[in-house]
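Visitor: Got a predicted structure here, sequence first:
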Amino acid sequence: MAHRRDQRPVTQDDYDAVARLHAEGLGRNEIARRIDRAQRTVSVIAAELGLTFDTTMTEEATRHRVAQLAERRAILAEALQGDAERLTEQLWQPSKVWNFGGKDNKYAERTVPEPPADAKKNLMAAAGMAIDRSLKLVPPDTDRGEDAARGMVGQLLTGLTAIYRDQQEQPNGEGDGDAP
């Protein structure tokens, strides 16, 4: 078996150290640091020895981190939504137009009742991007109860069909075949 130059063969001392440190309650990463081995190597040795590592803390930390990230995405989505609202408000506000021109390259400006068309187009594009990013961070809840309503209507139809069949099957002519 060929070994890379930066690897050394696993020895019985490695197996003994993993077993001893695991018995002391150390985790995989700490054992790897202490015996100067890769985490993967420690995992393989532990598996061969039938040892497992408690992942409760890791799982809890992961759940906590996922919740934190979801909260941060929601905050960012809300900020982007606010940006989009401020941008669309500017569409109908007085605006300052300006330019440099003439033979003396003079600066000129004036206030207009609302932004020119090209500025409105840019405002709308920027607002659209902010809304799009907001929706990607926190997609809208699309459950409007349609599945529940379909299920309820399906159950109602099943029940009505059963009642109809029961009426059709009744003896003594009570169920003469006419629909109720």
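Guide: Yes, it's here.
Visitor: neighbours around Asp16, how many?
Guide: A total of 13 residues lie near Asp16 under the criterion other CB atoms under 10 Å. For every residue, glycine as well, the C-beta is placed using N, CA and C.
Visitor: Let me fix that, I meant to ask about His22.
Guide: For His22, the number of neighbouring residues by other CB under 10 Å comes to 19.
Visitor: I figured it hits Arg34, correct?
Guide: No: the pair His22 and Arg34 does not pass the contact test of CB atoms under 8 Å, sitting 11.2 Å apart.
Visitor: Give the buried residues for the helix or strand containing Val42.
Guide: Secondary-structure element containing Val42, defined by DSSP states H and E: helix 39-49. The neighbour-count check on helix 39-49 (16 or more other CB atoms under 10 Å) flags 41-43, 45-46 as buried.
Visitor: Could you check how far Leu69 is from Leu135?
Guide: Between Leu69 and Leu135 the distance, using CB to CB, to the nearest Å, works out to 17 Å.
Visitor: Those two - which one has more neighbours?
Guide: The residue with more neighbours, out of Leu69 and Leu135, is Leu135; 13 against 10, by other CB under 10 Å.
Visitor: Contact partners for the more buried one?
Guide: Leu135 is in contact with Ala77, counting by CB atoms under 8 Å, 6 or more residues apart in numbering.
Visitor: From here on, call the first residue 646.
Guide: Taking 646 as the first residue, the last one we looked at is Leu780.
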